[in-house]
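Asker: Provided below for reference: sequence and predicted model.
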Amino acid sequence: MDTLVTYTGPEATGDGSARLTLDSPHNRNALSTRLITQLHAGLRDAAADPDVRVVVLGHTGGTFCAGADLSEATEGDPGELAAGRAREMAALLRAIVESPRPVIAAVDGHVRAGGMGLVGACDLAVAGPGSTFALTEARIGVAPSIISLTLLPKLAPRAAARYYLTGEKFGAAEAAAIGLITLAVDSAEGVQSAVADLVADLRLGSPQGLAASKALTTAAVLAGFDRDAERLAVASAQMFVSDEAREGMLAFLAKRPPRWAE
(Lines give C-alpha, C1' and ligand atoms only; values in the text may rest on other atoms or scores of the structure.)
Protein backbone atom coordinates (compact mmCIF):
# COMPACT_ATOMS: atom_id res chain seq x y z
CA MET A 1 0.00 0.00 0.00
CA ASP A 2 1.32 3.46 -0.90
CA THR A 3 2.18 5.67 2.04
CA LEU A 4 -0.04 8.74 1.83
CA VAL A 5 0.45 9.84 5.44
CA THR A 6 3.96 9.73 6.88
CA TYR A 7 4.23 9.08 10.63
CA THR A 8 7.32 10.29 12.49
CA GLY A 9 7.44 9.36 16.16
CA PRO A 10 9.00 11.18 19.11
CA GLU A 11 12.16 9.11 19.00
CA ALA A 12 12.88 10.76 15.63
CA THR A 13 11.50 14.24 16.27
CA GLY A 14 13.25 14.51 19.63
CA ASP A 15 10.72 17.03 20.95
CA GLY A 16 7.90 14.85 22.25
CA SER A 17 5.82 15.33 19.12
CA ALA A 18 4.50 12.88 16.56
CA ARG A 19 4.43 14.28 13.05
CA LEU A 20 1.67 13.25 10.66
CA THR A 21 2.47 14.51 7.16
CA LEU A 22 -0.08 14.42 4.35
CA ASP A 23 2.12 13.12 1.55
CA SER A 24 0.01 12.75 -1.58
CA PRO A 25 0.97 15.85 -3.55
CA HIS A 26 0.04 14.32 -6.91
CA ASN A 27 -3.65 14.86 -6.05
CA ARG A 28 -3.17 17.81 -3.69
CA ASN A 29 -3.44 15.62 -0.59
CA ALA A 30 -7.05 14.78 -1.41
CA LEU A 31 -8.97 12.87 1.24
CA SER A 32 -9.16 9.44 -0.34
CA THR A 33 -10.38 6.50 1.72
CA ARG A 34 -6.80 5.25 1.90
CA LEU A 35 -5.40 8.56 3.12
CA ILE A 36 -8.16 8.82 5.73
CA THR A 37 -7.44 5.28 6.92
CA GLN A 38 -3.75 6.07 7.31
CA LEU A 39 -4.50 9.32 9.12
CA HIS A 40 -6.76 7.44 11.56
CA ALA A 41 -3.94 4.94 12.14
CA GLY A 42 -1.44 7.71 12.81
CA LEU A 43 -3.75 9.35 15.34
CA ARG A 44 -4.21 6.00 17.11
CA ASP A 45 -0.45 5.36 17.16
CA ALA A 46 0.17 8.80 18.64
CA ALA A 47 -2.49 8.35 21.32
CA ALA A 48 -1.08 4.96 22.30
CA ASP A 49 2.52 6.16 22.66
CA PRO A 50 3.18 7.54 26.17
CA ASP A 51 6.14 9.53 24.82
CA VAL A 52 3.92 11.56 22.47
CA ARG A 53 2.76 14.80 24.03
CA VAL A 54 1.47 16.56 20.91
CA VAL A 55 0.64 15.73 17.29
CA VAL A 56 1.66 18.02 14.41
CA LEU A 57 -0.35 17.66 11.20
CA GLY A 58 1.61 18.95 8.21
CA HIS A 59 1.85 18.43 4.46
CA THR A 60 4.11 18.12 1.46
CA GLY A 61 3.58 20.15 -1.71
CA GLY A 62 1.84 23.45 -2.27
CA THR A 63 -1.56 22.29 -1.03
CA PHE A 64 -2.33 21.32 2.55
CA CYS A 65 -5.52 19.51 1.50
CA ALA A 66 -7.92 20.03 -1.39
CA GLY A 67 -10.81 18.09 0.14
CA ALA A 68 -12.44 14.86 -0.98
CA ASP A 69 -10.88 12.67 -3.65
CA LEU A 70 -13.55 12.81 -6.35
CA SER A 71 -11.68 10.30 -8.52
CA GLU A 72 -12.53 7.34 -6.30
CA ALA A 73 -14.71 4.54 -7.62
CA THR A 74 -18.36 5.44 -8.06
CA GLU A 75 -19.92 2.01 -8.60
CA GLY A 76 -23.16 1.57 -6.69
CA ASP A 77 -25.90 3.95 -5.60
CA PRO A 78 -24.59 7.55 -5.87
CA GLY A 79 -26.60 8.74 -2.89
CA GLU A 80 -25.33 5.97 -0.62
CA LEU A 81 -21.77 6.51 -1.80
CA ALA A 82 -22.01 10.24 -1.09
CA ALA A 83 -23.49 9.60 2.36
CA GLY A 84 -20.72 7.10 3.08
CA ARG A 85 -18.06 9.64 2.14
CA ALA A 86 -19.71 12.24 4.37
CA ARG A 87 -19.79 9.81 7.33
CA GLU A 88 -16.15 8.89 6.67
CA MET A 89 -15.20 12.56 6.81
CA ALA A 90 -17.18 13.13 9.98
CA ALA A 91 -15.42 10.20 11.65
CA LEU A 92 -12.00 11.59 10.71
CA LEU A 93 -12.77 15.06 12.02
CA ARG A 94 -14.13 13.58 15.23
CA ALA A 95 -10.98 11.49 15.68
CA ILE A 96 -8.86 14.66 15.62
CA VAL A 97 -11.17 16.45 18.04
CA GLU A 98 -11.31 13.40 20.38
CA SER A 99 -7.57 12.72 20.33
CA PRO A 100 -6.21 12.97 23.89
CA ARG A 101 -3.11 14.64 22.44
CA PRO A 102 -3.29 18.27 21.34
CA VAL A 103 -3.12 18.52 17.53
CA ILE A 104 -1.38 21.40 15.75
CA ALA A 105 -1.96 22.09 12.05
CA ALA A 106 1.19 23.33 10.27
CA VAL A 107 0.04 24.91 7.00
CA ASP A 108 1.85 26.67 4.19
CA GLY A 109 -0.29 25.86 1.17
CA HIS A 110 -3.80 25.94 -0.20
CA VAL A 111 -6.69 24.74 1.95
CA ARG A 112 -10.06 23.92 0.45
CA ALA A 113 -13.24 21.99 1.32
CA GLY A 114 -12.42 19.07 3.63
CA GLY A 115 -9.00 20.58 4.26
CA MET A 116 -10.77 23.47 5.97
CA GLY A 117 -12.49 20.96 8.22
CA LEU A 118 -9.13 19.43 9.16
CA VAL A 119 -7.76 22.83 10.18
CA GLY A 120 -10.91 23.52 12.19
CA ALA A 121 -10.62 20.18 13.98
CA CYS A 122 -7.07 20.88 15.18
CA ASP A 123 -6.60 22.52 18.56
CA LEU A 124 -4.00 24.97 17.27
CA ALA A 125 -3.06 26.01 13.75
CA VAL A 126 -0.15 27.94 12.26
CA ALA A 127 -0.19 29.18 8.65
CA GLY A 128 2.46 30.77 6.47
CA PRO A 129 2.38 33.17 3.53
CA GLY A 130 1.82 30.40 0.99
CA SER A 131 -1.53 29.62 2.59
CA THR A 132 -4.86 30.42 0.99
CA PHE A 133 -8.25 29.40 2.30
CA ALA A 134 -11.66 29.19 0.62
CA LEU A 135 -15.06 27.60 1.06
CA THR A 136 -16.19 27.30 -2.56
CA GLU A 137 -18.89 24.67 -2.10
CA ALA A 138 -21.79 27.03 -2.86
CA ARG A 139 -20.21 27.82 -6.24
CA ILE A 140 -20.65 24.20 -7.36
CA GLY A 141 -24.11 23.63 -5.92
CA VAL A 142 -23.33 22.08 -2.53
CA ALA A 143 -22.52 23.34 0.99
CA PRO A 144 -19.76 22.86 3.60
CA SER A 145 -22.03 20.59 5.60
CA ILE A 146 -19.87 18.11 7.53
CA ILE A 147 -16.95 20.50 7.97
CA SER A 148 -19.32 22.96 9.66
CA LEU A 149 -19.04 20.70 12.71
CA THR A 150 -15.49 21.93 13.26
CA LEU A 151 -15.57 25.28 11.47
CA LEU A 152 -18.59 27.04 12.97
CA PRO A 153 -17.37 26.67 16.57
CA LYS A 154 -14.12 28.42 15.57
CA LEU A 155 -15.18 31.11 13.08
CA ALA A 156 -16.58 34.52 13.93
CA PRO A 157 -20.27 34.39 12.85
CA ARG A 158 -20.05 37.30 10.40
CA ALA A 159 -16.94 35.80 8.83
CA ALA A 160 -18.60 32.41 8.53
CA ALA A 161 -21.54 33.95 6.69
CA ARG A 162 -19.24 35.90 4.37
CA TYR A 163 -16.94 33.07 3.36
CA TYR A 164 -19.58 30.33 3.28
CA LEU A 165 -21.64 32.42 0.87
CA THR A 166 -19.09 34.25 -1.29
CA GLY A 167 -16.52 31.47 -1.73
CA GLU A 168 -13.79 34.12 -1.93
CA LYS A 169 -10.18 33.32 -1.06
CA PHE A 170 -8.42 34.75 1.97
CA GLY A 171 -4.94 34.52 3.42
CA ALA A 172 -3.32 33.57 6.70
CA ALA A 173 -3.71 36.99 8.36
CA GLU A 174 -7.45 36.99 7.74
CA ALA A 175 -7.67 33.35 8.85
CA ALA A 176 -6.15 34.35 12.18
CA ALA A 177 -8.41 37.39 12.51
CA ILE A 178 -11.59 35.33 12.10
CA GLY A 179 -10.51 32.48 14.39
CA LEU A 180 -9.75 29.76 11.84
CA ILE A 181 -6.07 29.59 12.79
CA THR A 182 -4.04 30.49 15.85
CA LEU A 183 -1.03 32.21 14.30
CA ALA A 184 -0.17 33.72 10.92
CA VAL A 185 3.56 33.95 10.19
CA ASP A 186 5.46 35.63 7.37
CA SER A 187 7.68 32.82 6.10
CA ALA A 188 7.73 29.07 5.58
CA GLU A 189 10.55 28.88 8.11
CA GLY A 190 8.37 30.84 10.51
CA VAL A 191 5.76 28.09 10.40
CA GLN A 192 8.24 25.54 11.68
CA SER A 193 9.61 27.94 14.28
CA ALA A 194 6.15 28.81 15.59
CA VAL A 195 5.19 25.13 15.72
CA ALA A 196 8.39 24.35 17.63
CA ASP A 197 7.55 27.05 20.16
CA LEU A 198 4.03 25.68 20.64
CA VAL A 199 5.35 22.13 21.04
CA ALA A 200 7.81 23.37 23.67
CA ASP A 201 5.00 25.11 25.58
CA LEU A 202 2.76 22.05 25.40
CA ARG A 203 5.51 19.80 26.75
CA LEU A 204 5.27 21.75 30.00
CA GLY A 205 1.80 20.26 30.54
CA SER A 206 1.30 16.78 31.94
CA PRO A 207 -0.38 14.16 29.75
CA GLN A 208 -3.38 14.07 32.08
CA GLY A 209 -3.53 17.84 32.34
CA LEU A 210 -3.35 18.32 28.59
CA ALA A 211 -6.01 15.69 27.86
CA ALA A 212 -8.39 17.04 30.49
CA SER A 213 -7.83 20.66 29.46
CA LYS A 214 -8.39 19.80 25.79
CA ALA A 215 -11.59 17.96 26.69
CA LEU A 216 -12.99 21.14 28.22
CA THR A 217 -12.46 23.00 24.94
CA THR A 218 -13.92 20.26 22.73
CA ALA A 219 -16.98 19.16 24.72
CA ALA A 220 -19.38 21.45 22.85
CA VAL A 221 -17.88 20.46 19.48
CA LEU A 222 -18.36 16.76 20.24
CA ALA A 223 -21.93 17.45 21.35
CA GLY A 224 -22.47 18.99 17.91
CA PHE A 225 -21.20 15.79 16.28
CA ASP A 226 -23.59 13.72 18.40
CA ARG A 227 -26.50 15.96 17.53
CA ASP A 228 -25.90 16.84 13.88
CA ALA A 229 -23.39 14.57 12.11
CA GLU A 230 -25.84 12.03 10.70
CA ARG A 231 -28.34 14.69 9.62
CA LEU A 232 -25.59 16.63 7.85
CA ALA A 233 -24.25 13.49 6.18
CA VAL A 234 -27.67 12.77 4.69
CA ALA A 235 -28.18 16.40 3.63
CA SER A 236 -24.71 16.52 2.07
CA ALA A 237 -25.37 13.35 0.09
CA GLN A 238 -28.68 14.68 -1.23
CA MET A 239 -27.02 17.88 -2.45
CA PHE A 240 -24.06 16.02 -3.95
CA VAL A 241 -26.25 13.96 -6.29
CA SER A 242 -28.59 16.82 -7.24
CA ASP A 243 -28.86 18.29 -10.72
CA GLU A 244 -27.35 21.58 -9.56
CA ALA A 245 -24.31 19.88 -8.07
CA ARG A 246 -23.84 17.82 -11.22
CA GLU A 247 -23.90 21.01 -13.29
CA GLY A 248 -21.54 22.75 -10.86
CA MET A 249 -18.97 19.96 -10.93
CA LEU A 250 -19.13 19.58 -14.71
CA ALA A 251 -18.64 23.33 -15.10
CA PHE A 252 -15.70 23.26 -12.69
CA LEU A 253 -14.02 20.43 -14.59
CA ALA A 254 -14.66 22.14 -17.93
CA LYS A 255 -13.41 25.49 -16.55
CA ARG A 256 -16.60 27.25 -17.58
CA PRO A 257 -19.22 29.17 -15.58
CA PRO A 258 -22.15 27.06 -14.30
CA ARG A 259 -25.58 27.91 -15.69
CA TRP A 260 -26.51 30.10 -12.73
CA ALA A 261 -23.40 32.28 -13.11
CA GLU A 262 -23.72 33.01 -16.84
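Answerer: Received, thanks.
Asker: Show me the longest helix that occurs in the chain.
Answerer: Of all the segments of type helix in the chain, defined by DSSP state H, the longest one is helix 207-240.
Asker: same for that one, what does it pack against?
Answerer: On a contact count with 3 or more CB pairs under 8 Å, 6 or more residues apart in numbering; DSSP states H and E, helix 207-240 meets helix 78-98, helix 148-151. Glycine gets a C-beta too; all of them are placed from N, C-alpha and C.
Asker: Pick the most buried one from these.
Answerer: Highest mean neighbour count of those: helix 148-151, a mean of 23 (counted as mean count of other CB atoms under 10 Å).
Asker: pLDDT averaged over the helix or strand following it - what is it?
Answerer: Per DSSP states H and E, the first helix or strand lying C-terminal to helix 148-151 is helix 157-166. Helix 157-166 carries an average pLDDT of 98.
Asker: Identify the residues contacting helix 157-166?
Answerer: With contacts defined as CB atoms under 8 Å, 6 or more residues apart in numbering, helix 157-166 is touched by 133-135, 138, 143-144, 151-152, 155, 168, 170, 177-179.
Asker: Flag the shaky bits of this structure, pLDDT-wise.
Answerer: 1, 72-76 (pLDDT under 70).
Asker: returning to that earlier point: now the longest helix of the chain: buried residues?
Answerer: 210, 214, 218, 221, 224-225, 228-229, 232-237, 239-240 (16 or more other CB atoms under 10 Å).
Asker: circling back to that earlier point, ranking the contacts of helix 157-166 by neighbours, who comes first?
Answerer: residue 135 (27 neighbours; other CB atoms under 10 Å).
Asker: Run a quick check on it versus residue 116, I expect a contact.
Answerer: Yes. Using CB atoms under 8 Å, residue 135 is in contact with residue 116, at 6.1 Å.
Asker: Can you pull the residues that touch both of the two?
Answerer: 144, 151.
Asker: just to revisit the earlier point, for the contacts of helix 157-166, please prepare TSV with the additional fields distance to residue 9.
Answerer: Formatted as TSV, the contacts of helix 157-166 follow (distance: CB to CB, whole Å):
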residue	distance to residue 9
133	30
134	34
135	34
138	41
143	38
144	33
151	30
152	33
155	33
168	39
170	35
177	35
178	34
179	31
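Asker: For these, work out which two are farthest apart.
Answerer: Farthest apart among the contacts of helix 157-166 by CB to CB are 143 and 177. That separation is 23.6 Å.
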